[in-house]
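K.L.:
the following block contains a protein sequence and its predicted model.
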Amino acid sequence: MSGLTLTARCHCSFASFTYTIPHSALPLKASLCHCNSCRYASGQLLATFAVMPSTIPRPDFSRLNSYASSSELTRYSCPKCGAYVGNTEPDEWEFASGMLTSTEGLLDRVQMWIEDTKDGGASIWLQKGHGTNPIRRLRDRQSAEATDSIIEEMRDKSQQEISSSTKPRPSYLTASCHCGAISFSLRPPPTHKYPAFLDACTTCRQTSGFEITSWIHAPQSHLSTTPNPANPSSDSSSPSTSTSASTPHPSNPNLLHYSSSEGVHRYSCKTCTASAFYVNDKRGDSVDIAMGLLRGQGGARAEEWVEWMRGPQYVGDAVDGQAGLVGALGEGMGHLPAEEEDED
Ligand SMILES: [Zn+2]
Ligand SMILES: [Zn+2]
Ligand SMILES: [Zn+2]
């Protein structure tokens, strides 16, 4: 059969698959999913998937970790490096598209479940009409389009909620993966907000399974493993009892630890796959926390707590080329209005 050779491989290569895709099946059906389940089970602001043609036999994922996030959907990950490998559903199966060694021109993408984000999530940076930005759907593939005006409305509503004087920012930010094994809170940022950024680097892609990853920088000392410090039953009167349930450390039984290079530690949830932490020994107290775990009041971008840096980092590493998803995000983020103190 003539066709395109498609290789999917995680960072450690434990999960490695090669298929020949008939040219007639290209481009592949693909999605950028903004849904809550994908966000919490991936740790990413948006999850990128490539659906395999129905003529391609289902892979043997039996050596991988599996997590059924619903009766229909099972998520698979590499048990060694933690990369999110893909999903199986009754009617189709898909790879997390960061697993693919190339995606340039191969994916016919749709943005889905924008409704779940409350604030538009990453879709505010992928506006219709900019380059090849995929159409935005409020819910599934067949649902209504999330038009520019709908997204604008979501964004405004979320901003109002954040700035409303009747709803002050809570004294902590909670974070949790889909299964709840990773659950913690963050103290208020040292400066006015935590810096957040998208990262397209090859190592993040291959260890996460996603084409674009999302993180915030925070001091490790701001992490509290007590999920709800405001709850008297878990008060800080006995801080020593809140052991390391969600602490980024190799000894943490809830976390899969993978060293992607010397002194660099990546942690993901052993149960549900979610990326959780990036720790670099050279950076002292600093930790990068997977953005998708954060439970901001205003929505997925958690803008009452974080400030987004302009443009993804390591755009040159984008697996779909400069004109693809990462390039489009860069363009979208570059057009973000500058933070102005007196903006009303
Ligand atoms: Zn989803
Ligand atoms: Zn792996
Ligand atoms: Zn989990």
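P.N.:
Yep, that arrived. Ligands and ions are numbered 1, 2, ... in the order given.

K.L.:
residues contacting the spatially most central residue of the chain?
P.N.:
The centre of the chain sits closest to Gln44, judged by Cα atoms, centre = their mean, with a distance of 0.6 Å. Remark: with contacts taken as Cβ atoms under 8 Å, 6 or more residues apart in numbering, Gln44 is in contact with Cys38, Ser208, Phe210, Ile212, Thr213, Ser214, Ser275, Ala290, Met291, Gly292. For every residue, glycine as well, the C-beta is placed using N, CA and C.

K.L.:
you'd agree the second one is up against Ser97?
P.N.:
Spelled out, that is Ser208. No: look at Ser208 against Ser97 with Cβ atoms under 8 Å: they stay out of range, at 11.0 Å.

K.L.:
compare neighbour counts for these two and give me the winner.
P.N.:
Counted by other Cβ atoms under 10 Å, Ser208 and Ser97 do not tie: Ser208 has more neighbours, with 34 against 29.

K.L.:
would you check how far apart that one and Cys78 are?
P.N.:
Note on Ser208: its distance to Cys78, by Cβ to Cβ, to the nearest Å, is 11 Å.

K.L.:
what do you get for Arg155?
P.N.:
Separation of Arg155 from Cys78 (Cβ to Cβ): 36 Å.

K.L.:
please apply the same query to Leu138.
P.N.:
Counting by Cβ to Cβ - Leu138 and Cys78 are separated by 32 Å.

K.L.:
of those two, which one has the most company?
P.N.:
Neighbours per residue (other Cβ under 10 Å) separate Leu138 from Cys78, with Cys78 holding more: 28 against 19.

K.L.:
quick one: contacts for the closest residue to Gly296 other than its chain neighbours?
P.N.:
Distances taken as Cβ to Cβ, 6 or more residues apart in numbering put Ala302 closest to Gly296, at 2.9 Å, once the chain neighbours are dropped. For Ala302, the contact set (Cβ under 8 Å, 6+ apart) comprises Leu173, Ala196, Met291, Leu294, Arg295, Gly296.

K.L.:
report the entries of the residues you listed that also contact ligand 1.
P.N.:
Of the entries in these, none also sits close to ligand 1 under the rule Cβ under 5 Å from the ion.

K.L.:
tell me which two in these are the farthest apart.
P.N.:
By the measure Cβ to Cβ, Ala196 and Arg295 form the most distant pair in those, at 14.3 Å.

K.L.:
give me the more crowded residue out of these two.
P.N.:
Taking neighbours as other Cβ under 10 Å, Ala196 and Arg295 compare with Ala196 leading, 23 against 16.

K.L.:
quick one: pLDDT of the more buried one?
P.N.:
pLDDT for Ala196: 96.

K.L.:
return the residues in contact with it.
P.N.:
Ala196 neighbours (Cβ under 8 Å, 6+ apart): Ser214, Trp215, Ile216, Met291, Arg301, Ala302, Val306, Glu307, Trp308, Met309.

K.L.:
and stretch 34-49, anywhere near ligand 3?
P.N.:
No: Stretch 34-49 lies out of reach of ligand 3 by Cβ under 5 Å from the ion, never closer than 7.2 Å.

K.L.:
off-centre distance for that stretch?
P.N.:
Centroid separation for stretch 34-49 versus its chain: 5 Å, with Cα atoms, centre = their mean, to the nearest Å.

K.L.:
now for Thr191, how many residues are close by?
P.N.:
Neighbour number of Thr191 under other Cβ under 10 Å is 8.

K.L.:
cool, and Glu152?
P.N.:
13.

K.L.:
repeat for Val110
P.N.:
What Val110 shows, counting by other Cβ under 10 Å, is a neighbour count of 16.

K.L.:
work out for me the element it sits within.
P.N.:
Val110 is part of strand 107-112, with elements assigned from DSSP states H and E.

K.L.:
after that strand comes which helix or strand?
P.N.:
With elements assigned by DSSP H and E, the helix or strand that comes after strand 107-112 is strand 135-136.

K.L.:
hang on, isn't Lys80 packed against Tyr258?
P.N.:
Yes: using Cβ under 8 Å as the test, Lys80 is close enough to Tyr258 to be in contact (6.8 Å).

K.L.:
great, nothing more from me.
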